[in-house]
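>>> Model the structure of this input:
(one chain, ligands or ions: 1)
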Amino acid sequence: MTIPFPALPYPIDALEPHVSARTLEFHHGKHHKAYVDKLNAAIAGTGYEGQTLESIIAASKKAADSGIFNNAAQAWNHTFLWNSMSPNGGEPEGALADAINERFGDLTGFREKFKAAALGQFGSGWTWLVNRGGALEIISTGNAETPLTDDVVPLLTLDVWEHAYYLDYQNKRDAYIDAFLSELINWEFAAENYEADRAAA
Ligand code: MN3
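Below is the predicted model of the structure:
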């Protein structure tokens, strides 16, 4: 059994003009695929083979097996990223909207905090909206690090590695973050993650 390389949840040009088909051809078709391919090559014949991706992430983190961890976490983070975006971004609704208003004042307050975190991540990494024991929080992780190894539940993420935006925005990370925040967030996905965590609590 190998770790699957999932298809995008929308057509490759669905996020244009904010994220181009060319960016997704590279980001999904080359970068994400390479993480999955390297992971499958690295786990072949080891104790990790046959485990779920989430189990591999937890076990390789614990064992400080960085080659396995980096590719496994990046494989998981990217699938979560594709699901965090949608051609019909919109705005949050229901219990998640209430929680965002309570924690950040309003949607504008959320966008400001998220943007500051994503801009402030030095070098490569990820910015996340997470649920930490019933309280929303915005965090950033460096390189391949993922909140899965922390005691939080991720609701949505943005990839701030240069490969995520350089073809469309060059060095303008702020414009890429703005487009994500105002046009691309899949709030239905974030709400599903939030509701599932609340139901489990
Ligand atoms: Mn990436």
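>>> Now do the SS call for the closest residue to residue 159 other than its chain neighbours.
Distances taken as Cβ to Cβ, 6 or more residues apart in numbering put residue 81 closest to residue 159, at 5.1 Å, once the chain neighbours are dropped. (Glycine included, C-beta is placed from N, CA and C.) In three-state terms, and counting by DSSP: H, G, I helix; E, B strand; the rest coil, residue 81 is helix.
>>> cool, residue 136 as well?
Here residue 136 is recorded as strand under three-state DSSP.
>>> Now do the contacts for it.
99, 100, 103, 104, 129, 130, 155 (Cβ atoms under 8 Å, 6 or more residues apart in numbering).
>>> do you know how far the residue of the chain most remote from its centre is from the ion?
Distance from the centre of the chain peaks at residue 45, with 29.0 Å (Cα atoms, centre = their mean). As judged by Cβ to the ion, to the nearest Å, residue 45 and the ion stand 28 Å apart.
>>> cool, and residue 60?
From residue 60 across to the ion, the span is 19 Å (Cβ to the ion).
>>> beta partners for the residue in the chain positioned nearest to the ion?
In the chain, no residue comes nearer to the ion than residue 159, which is 4.2 Å away by Cβ to the ion. Beta-bridge partners for residue 159, by DSSP bridges, are residue 126.
>>> didn't it look like it was pressed against residue 128?
No: here residue 159 lies out of contact with residue 128, judged by Cβ atoms under 8 Å, at a distance of 10.5 Å.
>>> Spell out which parts of the protein neighbour the ion.
Residues of the chain lying near the ion by Cβ under 5 Å from the ion: 159, 161, 164.
>>> Kindly state the pLDDT recorded for the first one?
Predicted confidence (pLDDT) for residue 159: 98.
>>> Repeat that for the last one.
In the prediction, the pLDDT value recorded for residue 164 is 96.
>>> My guess is it contacts residue 26. True?
No: counting by Cβ under 8 Å, residue 164 sits too far from residue 26 to count as a contact (9.7 Å).
>>> Many thanks, we can stop here.
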